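S.K.: What would the 3D arrangement of this be:
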Amino acid sequence: MPAKNYSTKYPQSKYAILSPYPTGLLTQAPWDSFLRHNGYAKISQNLNLQVFYKEDEVRDLWEEFTPNNSVFDLWEVRSAFAKAYKFEPYFLTLLKQKGRIRNVLGTLPMWHNSDKIEQGDDANTSDAGKYVWWGSNWPEDNIFFVQDPEFIPLLLTAAPEYMELACIKPLPEYAFLKDFPGYTREEDKKYFIDLNGFKSVDDYLARLKKKKRYNLRRDRKRIHSLSPQITYNDPQHVEELFQLSIKRFREVFPDEPNEYSAFEDDRRCNVYRNLLKNAGRYQTRVITTAINGKIEAVEFGLVYNKTYYALNAGVDISNYSGLGVFSNLLVMEDAIKLGCTKLDFLEGDNNWKESWQLDHYYQYQFKK
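M.R.: Model prediction:
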């Protein structure tokens, strides 16, 4: 088990009370120059740290700071991951105590992924053995839970080693962190479509280059000719999504056992099952395409705050050329009908997003 405190060098009891902020860390490389020239030695005086683990305590912290702007800000979405993976929370919290009153200045909501790196896994991309966001590094739109952004470097400096925080939202108030060692822009783009003014999928297609527009319409027409049966929101069909994803990876990488669908791990399947159970403040969308009575494509998404999040899909494109295009356009059509103003296709090109001329921006990450 990892050390239960802000430093992996000095283990302390899980039930320890406040610890003084370790000001000695502020003079250590590689962050010493940044911290010295920005007055953090003075800011850190009279501050304390405490790590919280209990579910009721970390939920209170989460709810205190979350803006609930993105679906990934919602406790019930993150807890869908937490209940599936069962890693212990590690909320590193910065406080200022005055008498018996504790003022929580910020918290880094994390867990320690206690999985072991499997043979063939890339240690740079795997979460195994690392401190990551609570709910894993898969959710996006991550923000720092702080009263003031000036507290972020203090939390990151005091955080344990072997830490990786991914998909940090590029907010203007985080711009100063670009000079903070370990804080860098991610390589993959995050893709989305602004749906404002769209009345149909054809409005999107009309903005594409002629050849791309022709190809997408051709693929959609090809699948339409097969008289597909479209079903909306049958939660049982998410099980078919898992199997279609697993099947696709095995087809593409038959001789590469280290390349496999995330759904080979039943914990990832349980995340989606939990997301279906936890719906309330957000809406789930399951779109199924069957051909000749057999399910050949399943899309899974969440809708919250007028944004449609296209989380995952399973599509048999080996037997049905154009089915991926057809299924994606169903998602877009669904988002428009639901009155969404944004369609979030998440991070990573996946061999199609760039060619669809989607809007994009970059998220950030912090590694230690």
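S.K.: All the helices of the chain, residue numbers only.
M.R.: With helices called from DSSP state H, the chain shows them at 32-36, 40-44, 55-65, 75-85, 152-158, 201-205, 210-224, 238-252, 266-278, 323-337.
S.K.: Of all the ones you listed, which one is nearest Leu105?
M.R.: Smallest distance to Leu105 across the helices of the chain (C-beta to C-beta): 8.4 Å, for helix 152-158. Where you see a C-beta, it was placed from the backbone N, CA and C, and this is true even at glycine.
S.K.: Quick one: residues in contact with the closest one.
M.R.: 6-7, 21-22, 25-26, 31, 34-35, 38, 40, 43-44, 47, 49, 92, 94, 106-108, 144, 146, 174, 177, 180, 182-183, 366, 368 (C-beta atoms under 8 Å, 6 or more residues apart in numbering).
S.K.: Measure how far stretch 205-220 is from the centre of its chain, please.
M.R.: Put simply, stretch 205-220 sits 30 Å off its chain's centre (C-alpha atoms, centre = their mean, to the nearest Å).
S.K.: circling back to that earlier point, can you tell me which of the contacts of helix 152-158 end up in strands?
M.R.: Leu49, Leu92, Leu94, Gly106, Thr107, Leu108, Val146, Tyr183, Phe366 (DSSP state E).
S.K.: Let's have those in CSV, adding pLDDT, distance to Leu323 and neighbour count.
M.R.: CSV is the format used below for these (pLDDT from 0 to 100; distance: C-beta to C-beta, whole Å; neighbours: other C-beta atoms under 10 Å):
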residue, pLDDT, distance to Leu323, neighbour count
Leu49, 96, 52, 20
Leu92, 97, 45, 22
Leu94, 97, 50, 25
Gly106, 97, 46, 21
Thr107, 98, 44, 25
Leu108, 98, 42, 26
Val146, 98, 45, 19
Tyr183, 98, 40, 21
Phe366, 98, 39, 21
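S.K.: Show me the strands in the stretch 251-368 of the chain, by range?
M.R.: 283-291, 294-304, 307-315, 342-347, 359-367 (DSSP state E, counting those that start in this stretch).
S.K.: about what we covered before: can I get the helices of the chain in CSV including mean pLDDT, distance to Trp133 and mean neighbour count?
M.R.: Listed next are the helices of the chain as CSV, based on pLDDT from 0 to 100; distance: least, C-beta to C-beta, whole Å; neighbours: other C-beta atoms under 10 Å:
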stretch, mean pLDDT, distance to Trp133, mean neighbour count
helix 32-36, 90, 23, 15
helix 40-44, 89, 23, 16
helix 55-65, 96, 11, 15
helix 75-85, 98, 8, 20
helix 152-158, 97, 13, 22
helix 201-205, 96, 32, 16
helix 210-224, 97, 35, 15
helix 238-252, 93, 23, 18
helix 266-278, 98, 14, 18
helix 323-337, 98, 26, 21
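S.K.: Minimum distance to Ile230: which of those has it?
M.R.: helix 323-337 (6.7 Å).
S.K.: Please enumerate residues in contact with that closest one?
M.R.: Under the criterion C-beta under 8 Å, 6+ apart, residues 193, 195, 198-201, 204, 215-216, 219-220, 222-224, 228, 230, 232, 285, 287, 289, 296-297, 299, 301, 303, 308, 310, 313, 315-317, 343, 352, 356 lie in contact with helix 323-337.
S.K.: CA atoms of it as CSV?
M.R.: Output of helix 323-337 as CSV, limited to C-alpha atoms (Å, rounded to 0.1, in the frame of the first residue of the first chain):
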residue,chain,number,x,y,z
LEU,A,323,-21.6,1.3,-40.5
GLY,A,324,-19.3,3.5,-38.3
VAL,A,325,-20.3,6.6,-40.3
PHE,A,326,-24.0,5.7,-40.1
SER,A,327,-23.8,5.1,-36.3
ASN,A,328,-21.9,8.4,-35.7
LEU,A,329,-24.5,10.3,-37.7
LEU,A,330,-27.2,8.8,-35.5
VAL,A,331,-25.5,10.2,-32.5
MET,A,332,-25.3,13.6,-34.1
GLU,A,333,-28.9,13.4,-35.1
ASP,A,334,-29.9,12.4,-31.6
ALA,A,335,-28.0,15.3,-30.0
ILE,A,336,-29.7,17.8,-32.3
LYS,A,337,-33.2,16.4,-31.6
